[in-house]
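Student: Predicted model follows, preceded by the sequence.
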Amino acid sequence: MGVPPAEGRGRVARVVLVDDHRMFRTGVRAEIGRTETTGIDVVGEADDVESAVRVVAETRPDVVLLDVHLPGGGGVEVLRRSTAVMGEPGGVKFLALSVSDAAEDVIGVIRGGARGYVTKTITGTDLVNAIFRISDGDAVFSPRLAGFVLDAFAATDTPPVDEDLDRLTQREREVLRLIARGYAYKEIAKQLFISVKTVESHVSAVLRKLQLSNRHELTRWATARRLV
Amino acid sequence: MAPGTEPTPAAGRPPYRKLYRSPHSRMLGGVAHGLAVHLGLPVTWVRAAFVLLFFTNGIGVLLYAAFWFVVPIGIGEPALGSDYVWANGQFVPAGASGISPDPLRKGRRGRLGRLRDLLQGTFQGEPVIVENTPPGSSPGATSRQNVGQLAALLMLVIGVMALLNALGLQSSKPYVWPLLAIGVGVALVWRQADDSRWQRWFGLEGGGKRRVAFVRVGAGVLLVTVGIIGFLVLQGAGSTLASVVEASLAVLAGVLVLTGPYALRMWQDLGAERTARIRAQERAEIAAHIHDSVLHTLTLIQRRAEDPKEVQRLARAQERELRLWLYRPEAAAEAAPDTLAERIREVVAEVEDRHGVPIELVCVGDCPMDEKIAAQMQAAREAMVNAAKYGGGGPVQVYAEVEGRTVLVFVRDHGPGFDPDSVPEDRMGVRESIIGRMKRNGGTARVRPAPDGGTEVELEMERAADD
């Protein structure tokens, strides 16, 4: 969205690329890897679950760009086996980057602990922004992911089991809806007359609810409906 | 759009329902049934309430008449499906309760059933219509409804009897009979007015029904006349009855002569205006369709003039589509998918293919298609085509959401944006195909610049009926 990538940040994010397609890794590296302009340093690559877990543990990057479909168990498996490096403060954060936008994939990796989900149609600039946002501890939602969350919560919203934990607030809903409509965080802030930080905290809250709430229906529902 | 003005009703809230008189399963004016549907109460309760109120100086009758007069008759409102029954400690819609009606009750339509038909026939003329018209009504629902109607009618009759006895009518207040005659006559005529309005809307104009209508109106007028004359006679004006009638007729004739031409003119103007409006609407609808399909194809053909194969393909596809739309509209409707999510996905794929611009679709919720949603999809398609053509080639974002009975569609591009007011008069795209089409079908469309460049089109439509 026309945001100059590195200017003003004055720091470098260390990134690991996990994808089983060499061409894609090369492409992403070429697009965002020029450290002096984008502020992103690609410190490692991996092409399956085994190597991904190893590389992440060795390099301890700020952000891992994680493909959902990987030989050896997929992105969810990488997340499951990387809980040690994720847990600590300032630990490794995962951003799912996938061609798939099937609901079970999206919801699966988010519940596995990924801090965001973007599709491969994303532009270089947006990806750089997303990486920095993730490394700052915020969540990044693509329009599609926002749609899934709205859909999932709408479908299971009728019995208010645990009001605070399980339900989205009006404001969170509004923010998600704007994301789904294709608004950037900055635009959402402008539209709702709140700061970008507030938008980010709303999004993070949604992410937390997605991960914390032990509603099994969510995944089951999404899988059952094979939602696209 | 200011913050907070976006309609975001809580999910799961029952949709807002207007008060209509029900054209289906009614005894007199459909007031009780309409109220029952509106309030979510069993219709028998409402009827019983009216009967009870009747005993308090006849307030029930006045109330009923007032409702009948003021509340419009509902067309296309939920009819039988919304009958509520008492099940598991709460009211549930009859269809959802899982309680099948007592099979014994069907067999109990002997003498009582005939009596009911007779009474209903008196008031309604064509009981067959009442039982057959509501679409999707199961025989079980009809039979239960019959029993309910019969009970209500019997209670009404018993109530009237009791009231008459209470008033001690033979001796002290002999003018009750004329009043009753007037009441019944007025009810008959009003009922007929309702029915003919209803039939006109549904296009059910049958010769046999016409005759019944005349009989009913005639009977109503006769009853009212007899009632008034009886009233006058009882008031002691019997001796001068002839001169009273004469004078009334003279005044009536005078009024007719004076106002007749105006009334006739008004009647004709009204008819002419209605025809013109219908024609204009039809023309706008056709123009919008031609714009969406034919004009766009012609533009594409102009752009690809150097590629004869492609031009031929486009022209053939367009011809096929136009033929289908013009000559076999029912086949065109059949071919379309029957839920919103499928339909909008199809539209997105079509526009993507034809204009070569990626469209990201996010769809939350789903609902069955109906005519209004179909119109909304056409408007959305046009918005997507516009976004693809003028949106600078970037991805177009489409968001569709079903919330209760409202269907919202947002189409957003990242192009240079445009000012809706600066579009010249002769350009049809936005004005007719999007805004006009939504308006004609009872929805709204808003076109506005997106916060950081680009344009966003918002389409809002209420679904036609409950599924």
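Tutor: Nice, I can see it.

Student: How about chain A: which residue is closest to chain B?
Tutor: In chain A, the residue that lies nearest chain B is A:Gly182 (3.0 Å; Cβ to the nearest Cβ). (C-beta placed from N, C-alpha, C; glycine too.)

Student: just to confirm, which helix or strand has the nearest residue to that residue once chain neighbours are set aside in it?
Tutor: In this structure, A:Gly182 finds its nearest non-sequential neighbour in B:Gln397, 3.0 Å apart by Cβ to Cβ, 6 or more residues apart in numbering or on different chains. B:Gln397 belongs to strand B:396-403 when elements are defined using DSSP states H and E.

Student: cool, and B:Ala445?
Tutor: strand B:444-449.

Student: and for that strand, what are the contacting residues?
Tutor: By Cβ atoms under 8 Å, 6 or more residues apart in numbering or on different chains, the residues outside strand B:444-449 that reach it are B:1, B:379, B:417, B:420, B:430, B:434-435, B:437-439, B:455-461.

Student: Let me see the contact set for the residue of chain B found nearest chain A.
Tutor: Going by Cβ to the nearest Cβ, chain A is nearest to B:Gln397 of chain B, at 3.0 Å. Contact analysis of B:Gln397 by Cβ under 8 Å, 6+ apart lists A:Pro143, A:Arg181, A:Gly182, B:Ile359, B:Glu360, B:Val362, B:Phe410, B:Val411, B:Arg412, B:Asp413.

Student: so what's the most centrally placed residue in chain A up against?
Tutor: Centroid check for chain A by Cα atoms, centre = their mean gives A:Gly116 as the closest residue, at 1.0 Å. Listed by Cβ under 8 Å, 6+ apart, the contact set of A:Gly116 reads A:Leu95, A:Ala96, A:Ala130, A:Arg133, A:Ile134, A:Ala139, A:Val140, A:Phe141, A:Leu145, A:Leu207.

Student: Export those to a markdown table and append columns for neighbour count.
Tutor: Output for those, formatted as a markdown table (neighbours: other Cβ atoms under 10 Å in any protein chain shown):
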| residue | neighbour count |
| --- | --- |
| A:Leu95 | 23 |
| A:Ala96 | 29 |
| A:Ala130 | 24 |
| A:Arg133 | 20 |
| A:Ile134 | 24 |
| A:Ala139 | 26 |
| A:Val140 | 27 |
| A:Phe141 | 24 |
| A:Leu145 | 29 |
| A:Leu207 | 22 |
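
Student: Okay, and which of those map to strands?
Tutor: A:Leu95, A:Ala96, A:Val140, A:Phe141 (DSSP state E).

Student: Tell me the one of the residues you listed nearest B:Val251?
Tutor: Taking Cβ to Cβ as the measure, B:Val251 sits nearest to A:Phe141 out of the ones in strands among the contacts of A:Gly116, at 77.1 Å.

Student: and whichever helix in chain A runs longest, which residues are buried?
Tutor: The longest helix of chain A (DSSP state H) is helix A:196-212. Across helix A:196-212, burial judged by 16 or more other Cβ atoms under 10 Å in any protein chain shown covers A:Val196, A:Thr198, A:Val199, A:Glu200, A:Ser201, A:His202, A:Val203, A:Ala205, A:Val206, A:Leu207, A:Lys209, A:Leu210.

Student: Is any residue of it near chain B?
Tutor: No. Between helix A:196-212 and chain B, judged by Cβ under 8 Å from any Cβ of the partner chain, nothing touches; the nearest distance is 12.2 Å.

Student: Go ahead and produce PDB holding the CA coordinates of that helix.
Tutor: The C-alpha coordinates for helix A:196-212 follow below in PDB (Å, rounded to 0.1, in the frame of the first residue of the first chain):
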ATOM      1  CA  VAL A 196      -3.100   1.900  14.300                       C
ATOM      2  CA  LYS A 197      -1.800   0.500  17.600                       C
ATOM      3  CA  THR A 198      -5.400   0.000  18.700                       C
ATOM      4  CA  VAL A 199      -6.300  -1.800  15.500                       C
ATOM      5  CA  GLU A 200      -3.300  -4.100  16.100                       C
ATOM      6  CA  SER A 201      -4.300  -4.800  19.600                       C
ATOM      7  CA  HIS A 202      -7.900  -5.700  18.500                       C
ATOM      8  CA  VAL A 203      -6.400  -8.100  15.900                       C
ATOM      9  CA  SER A 204      -4.100  -9.600  18.500                       C
ATOM     10  CA  ALA A 205      -7.000 -10.100  20.800                       C
ATOM     11  CA  VAL A 206      -8.900 -12.000  18.100                       C
ATOM     12  CA  LEU A 207      -5.900 -14.100  17.500                       C
ATOM     13  CA  ARG A 208      -5.600 -14.900  21.200                       C
ATOM     14  CA  LYS A 209      -9.200 -15.900  21.400                       C
ATOM     15  CA  LEU A 210      -8.700 -18.100  18.400                       C
ATOM     16  CA  GLN A 211      -5.800 -19.900  20.100                       C
ATOM     17  CA  LEU A 212      -7.000 -20.000  23.600                       C
END
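
Student: Please work out which residues outside that helix touch it.
Tutor: Taking Cβ under 8 Å, 6+ apart as the rule, helix A:196-212 contacts A:107, A:110-111, A:113, A:115-116, A:133, A:137-141, A:149, A:165-166, A:168-169, A:171-172, A:175-176, A:179, A:185-186, A:188-189, A:192, A:218.

Student: Filter those down to the buried ones.
Tutor: Buried among these (16+ other Cβ under 10 Å): A:107, A:110-111, A:113, A:115-116, A:133, A:138-141, A:149, A:166, A:168, A:171-172, A:175-176, A:179, A:185, A:188-189, A:192, A:218.

Student: what ranges do the helices span in chain A?
Tutor: A:22-32, A:35-38, A:49-59, A:74-81, A:83-87, A:103-112, A:124-135, A:143-155, A:163-166, A:170-180, A:185-192, A:196-212, A:216-225.

Student: JSON lines please, covering these and showing mean pLDDT.
Tutor: Below are the helices of chain A laid out as JSON lines (pLDDT from 0 to 100):
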{"stretch": "helix A:22-32", "mean pLDDT": "87"}
{"stretch": "helix A:35-38", "mean pLDDT": "79"}
{"stretch": "helix A:49-59", "mean pLDDT": "89"}
{"stretch": "helix A:74-81", "mean pLDDT": "86"}
{"stretch": "helix A:83-87", "mean pLDDT": "77"}
{"stretch": "helix A:103-112", "mean pLDDT": "78"}
{"stretch": "helix A:124-135", "mean pLDDT": "87"}
{"stretch": "helix A:143-155", "mean pLDDT": "78"}
{"stretch": "helix A:163-166", "mean pLDDT": "50"}
{"stretch": "helix A:170-180", "mean pLDDT": "89"}
{"stretch": "helix A:185-192", "mean pLDDT": "88"}
{"stretch": "helix A:196-212", "mean pLDDT": "83"}
{"stretch": "helix A:216-225", "mean pLDDT": "52"}
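
Student: Rebuild those as a markdown table, extending it with distance to B:Glu401.
Tutor: A markdown table is the format used below for the helices of chain A (distance: least, Cβ to Cβ, whole Å):
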| stretch | distance to B:Glu401 |
| --- | --- |
| helix A:22-32 | 32 |
| helix A:35-38 | 35 |
| helix A:49-59 | 36 |
| helix A:74-81 | 28 |
| helix A:83-87 | 33 |
| helix A:103-112 | 16 |
| helix A:124-135 | 24 |
| helix A:143-155 | 8 |
| helix A:163-166 | 21 |
| helix A:170-180 | 7 |
| helix A:185-192 | 16 |
| helix A:196-212 | 17 |
| helix A:216-225 | 16 |
